[in-house]
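Q: The sequence and its predicted three-dimensional model are supplied below.
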Amino acid sequence: MLRRLSRDEVRTLRDVVSLRPTWAEVDLEVLAGNVRALKACTRPGTALMAVVKADGYGHGAVQVARTAQAAGAEWLGVAIPEEGIELRRAGIGGPILLLGWTPPAQAACVVEADLTATVFSLAGARDLASAARGAGVARAHLKVDTGMGRLGVLTGREGLAEAMAICRLPGLNVEGAFTHFATADEADGTFALRQLELFQDFLGRLEGQGVSFALRHAANTAALVNYPGSRFDLVRPGLGLYGYLPSPHVTPVPGLRPAMTWKTRVSHVKVLPAGFPVGYGRTYYTTRPATIATLPVGYADGYPRSLSSAADVLLHSRRCPIAGRVCMDQLMVEVPDGLQVRVGDEVVLLGQQGGEVVDADELAGKAGTIAHEILTGVGPRVPRIYLQG
């Protein structure tokens, strides 16, 4: 499903008869610029981990990883072992951190693929150490729960004892320690600063017991921008790599731009009389004789059904509202009066066309979700086109 075309070739997509008429363009130059813009926010000597989990937030993990590394990212971050193994099979080197749980049955695969695991329990750490026998030493980072309530050792006395036991296991090199912010993108920074304080205190107590780490990290995109004290040895931007900030409370980053544009083509055009129902459930009726354009894209492609009669698409640089319910494979839009539309005309679902923009933040707001879900939801049957110069 992956096609790599030049910009000139992309301009003639209508001549590529084998290409599905719904596709996503990923501008790798923009993505590289985003990496550089985020690195410019860090202090000298701080490394950057490009978080490429969930297929690079829907942009394509392998392409994103290669681009990020070329732009200066020293680490890659994924959620599950399969994602890390996919990168290795694509020939991608460098350190890769598994941010989530490594099931015991996958511990040997993680060690064999030279992936760095996250550890947060003595039992899980023992599984990794056992898997490393005969194959060297397993690398890991210790996860500390400072208020997320998800993965990680707690910062109390028992958590300290467990962390020390984990770090002293033979066959396991716990080279890093990290935590994750729950509210770094909110206007009130009280809780985020409290998490930062707990993390630093916990690391200090471990150091008092002779346990130290080569790499300490805490900053996601929001914290990287808003909390300089969280940058430590490594930062872990995710959403920011793809050109978005997690909330309006995160300080804008100069040079950050969305890397994905999602497009389709008009498949049918008809004029319906006033009072004609459109779509399942007859939730939408024309209020006058109206031109309705059908598009070959739906919720099976990742366009949220919750955007039914709620969002706009861009056609000839004009906004066209969705008419009725988004179907599994199709959706309908009402064309503004006077706008001439033909089958095959290009439509932008996400991105810019002329002077109009529909971004992931806008769609997320109308769908009652977040930009992360809009981007990662663009499905695997939508071909990705990579723009490179």
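A: Yep, it's here. Residues are numbered from 1 along each chain as shown.

Q: Tell me the confidence at residue 1?
A: Per-residue pLDDT puts residue 1 at 52.

Q: typo on my end, residue 167
A: pLDDT, read off for residue 167, is 97.

Q: neighbours around residue 318, how many?
A: By other Cβ atoms under 10 Å, the residues close to residue 318 number 16. No exception for glycine: its C-beta is placed from N, CA and C like everyone else's.

Q: list the contacts for it?
A: With contacts defined as Cβ atoms under 8 Å, 6 or more residues apart in numbering, residue 318 is in contact with 336, 339, 356.

Q: ok, those residues vs residue 43, which is closest?
A: residue 356 (38.5 Å; Cβ to Cβ).

Q: is that closest one in a bridge, and if so with what?
A: On the basis of DSSP bridges, residue 356 is bridged to residue 353.

Q: could you list every residue that touches it?
A: Per Cβ under 8 Å, 6+ apart, neighbours of residue 356: 314, 317-319.

Q: what ranges do the helices span in the protein?
A: 7-10, 28-39, 53-57, 61-70, 81-89, 107-112, 122-131, 157-167, 190-208, 221-226, 360-367, 371-376 (DSSP state H).

Q: Return the most buried member of these.
A: helix 221-226 (a mean of 25; mean count of other Cβ atoms under 10 Å).

Q: quick one, phi/psi of the closest residue to residue 327 other than its chain neighbours?
A: Spatial nearest neighbour of residue 327, chain neighbours left out: residue 298 (4.8 Å); criterion: Cβ to Cβ, 6 or more residues apart in numbering. Note on residue 298: backbone dihedrals following degrees, to the nearest 10 are phi -160, psi -160.

Q: just the contacts of residue 318 now: which is nearest residue 218?
A: residue 356 (38.2 Å).

Q: so how far is residue 299 from the closest one?
A: Distance check for residue 356 against residue 299: by Cβ to Cβ, to the nearest Å, it reads 23 Å.

Q: Ok, residue 27 next?
A: 25 Å.

Q: Now do residue 138: how many residues are near it, please.
A: Residue 138: 28 neighbours (other Cβ under 10 Å).

Q: show me the contacts for the nearest residue to it once chain neighbours are set aside.
A: The shortest distance from residue 138 to any residue other than its chain neighbours is 3.9 Å, reached at residue 132 (Cβ to Cβ, 6+ apart). Going by Cβ under 8 Å, 6+ apart, residue 132 touches 111, 138, 171-172.

Q: ditto for residue 230
A: Residue 230 neighbours (Cβ under 8 Å, 6+ apart): 181, 184, 196, 218-219, 223-224.

Q: can you check residue 252 too?
A: Contacts of residue 252 (Cβ under 8 Å, 6+ apart): residue 245.

Q: Give me the distance between it and residue 181.
A: 19 Å.

Q: Ok, residue 104 next?
A: When residue 104 is compared with residue 181 (using Cβ to Cβ), they lie 29 Å apart.

Q: Can you tell me how far residue 88 is from residue 78?
A: 11 Å.
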